[in-house]
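>>> My questions are about this predicted structure, shown below with the sequence.
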Amino acid sequence: MKKSILILSLLAVHLMGGCGDSPAASGLTVRDLGKAVTYEESEVTLLCRKIYFQDMDPANMPQDVVKQHYIVEEPHRMFIGEVVEEIGK
């Protein structure tokens with residue numbers, strides 16, 4: 001479980017920073033599903049249809065969180081989706 005958390009953290013940092021080839025850096029093997037991508041190492045992949053999204057508003061966050069995470073970066077975007085397909089290994 002620890003290895004999975006480290007890999008996900010590495011992917012998140014790469015995605016947020018837009019730096020380099022995240023899958024290659026993580027050691028994961030990309031699997032093309034045609035309409036989406038997943039990783040060979042995934043136990044399950046959920047394909048979702050986007051229903052709604054909203055950018056998070058720093059005015060509604062505690063100021064210590066804003067100062068720690070959002071001085072340089074744009075606020076995160078929240079998505080709500082409907083699971084339309086579950087793909088196992």
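Received it, and whenever you're ready, just let me know what you need.
>>> Please enumerate the strands of this protein.
Along the chain, counting by DSSP state E, strands occupy 30-32, 37-39, 44-55, 77-88.
>>> Next one: the nearest residue to Glu41 once chain neighbours are set aside from Thr45, what distance?
Leaving out its chain neighbours, the residue that sits closest to Glu41 by C-beta to C-beta, 6 or more residues apart in numbering is Leu28, at 5.6 Å. Using the backbone N, CA and C atoms, a C-beta is placed for each residue, glycine as well. Distance of Leu28 to Thr45, computed by C-beta to C-beta, to the nearest Å: 12 Å.
>>> Please apply the same query to Arg77.
Distance of Arg77 to Thr45, given as C-beta to C-beta: 21 Å.
>>> And Val30, by the same measure?
Per C-beta to C-beta, Val30 is found 12 Å from Thr45.
>>> Between these two, which has more neighbouring residues?
Neighbours were counted for Val30 and for Thr45 using other C-beta atoms under 10 Å; Thr45 has more, 16 against 12.
>>> Wait, the more buried one touches Leu33, no?
Yes - Thr45 is in contact with Leu33 according to C-beta atoms under 8 Å; the separation is 7.4 Å.
>>> right, so of the strands of the chain, which gets closest to Ile71?
Ile71 lies closest to strand 44-55 among these, at 16.5 Å (C-beta to C-beta).
>>> How about Lys50: what's its closest non-neighbour residue?
Leaving aside its sequence neighbours, Lys50 sits nearest to Gly81 (C-beta to C-beta, 6+ apart; 5.3 Å).
>>> what does Ile51 give?
With sequence-adjacent residues excluded and distances taken as C-beta to C-beta, 6+ apart, Ile51 is closest to Ile80, at 5.0 Å.
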